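J.: need coordinates for the below:
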Amino acid sequence: MSAIDYPQESYRDRIPDTDLFFEMIHIAGGPFQMGNQRAQIPSFSLGKYPVTQALWQAVMGDNPSSFQDPNRPVEQVSWIDVQTFLKKLNTRTGKTYRLPSEAEWEYVAQGGHRSQDLPIPVETNSTKWDGTVKTATARPNPWD
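T.: Residues are numbered from 1 along each chain as shown. Next up is the predicted model:
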């Protein structure tokens, strides 16, 4: 796994009874344009990388992915599967993990509050995420 530098503060949450970590990144909140409206996003944390097959296997006990490799993102999961994963992960860690809201996702995709002067979102990562690329090898969205 190659390391990618992010300018934000990041931290690692250890998954109990495993040697796995869930890397999180702190996203500083701020204003941004979402469609025709200005939105204010409070600070939050987001997974630095997609959930790997190794993490999914450790939490769920199975790996439904077509492209089998513990360092690749898990795929072939539904929204309901993800909700079950999050419930089990929360129980196991005693923390509260969740999917980002639509506004949080848009905020991150646009580059956070630094994008407030952009008239439209800018696609910054052309990697097609189909499970064939190992986690943490794609270039990050620029935040500067």
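
J.: and the strands in this protein?
T.: For the chain, the strands defined by DSSP state E cover 10-14, 21-27, 30-34, 37-41, 44-47.

J.: of those, which is nearest Ala54?
T.: Of all the strands of the chain, it is strand 21-27 that lies closest to Ala54, at 10.5 Å by Cβ to Cβ. (Glycine included, C-beta is placed from N, CA and C.)

J.: partner strands of that closest one, parallel or antiparallel?
T.: Strand pairing for strand 21-27, determined by DSSP bridges: strand 10-14 (antiparallel), strand 44-47 (antiparallel).

J.: hmm, who's touching the shortest one?
T.: Identification of contacts with strand 44-47 by Cβ atoms under 8 Å, 6 or more residues apart in numbering yields 22-27, 29, 100, 104, 108.

J.: buried subset of those as a PyMOL selection?
T.: Of these, the buried ones can be selected in PyMOL as follows, counting by 16 or more other Cβ atoms under 10 Å:
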select buried, resi 22+24+25+27+100+104+108
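
J.: pull the most distant pair out of the contacts of strand 44-47.
T.: Greatest spacing in those, by Cβ to Cβ: Phe22 and Gly29 (21.1 Å).

J.: list the contacts for the nearest residue to Phe22 once chain neighbours are set aside?
T.: In this structure, Phe22 finds its nearest non-sequential neighbour in Asp13, 4.5 Å apart by Cβ to Cβ, 6 or more residues apart in numbering. When contacts are counted by Cβ under 8 Å, 6+ apart, Asp13 is found next to 21-24, 93, 95.

J.: mind running it again at 7 Å?
T.: Applying Cβ atoms under 7 Å, 6 or more residues apart in numbering, we find Asp13 in contact with 21-22, 24, 93, 95.

J.: could you do Thr18 as well?
T.: Residues in contact with Thr18 (Cβ under 7 Å, 6+ apart) are Ala58.

J.: try the one 4 residues further on
T.: Listed by Cβ under 7 Å, 6+ apart, the contact partners of Phe22 are 13, 15, 47, 55.

J.: next, count neighbours for Pro31.
T.: Residues lying near Pro31 (other Cβ atoms under 10 Å) number 13.
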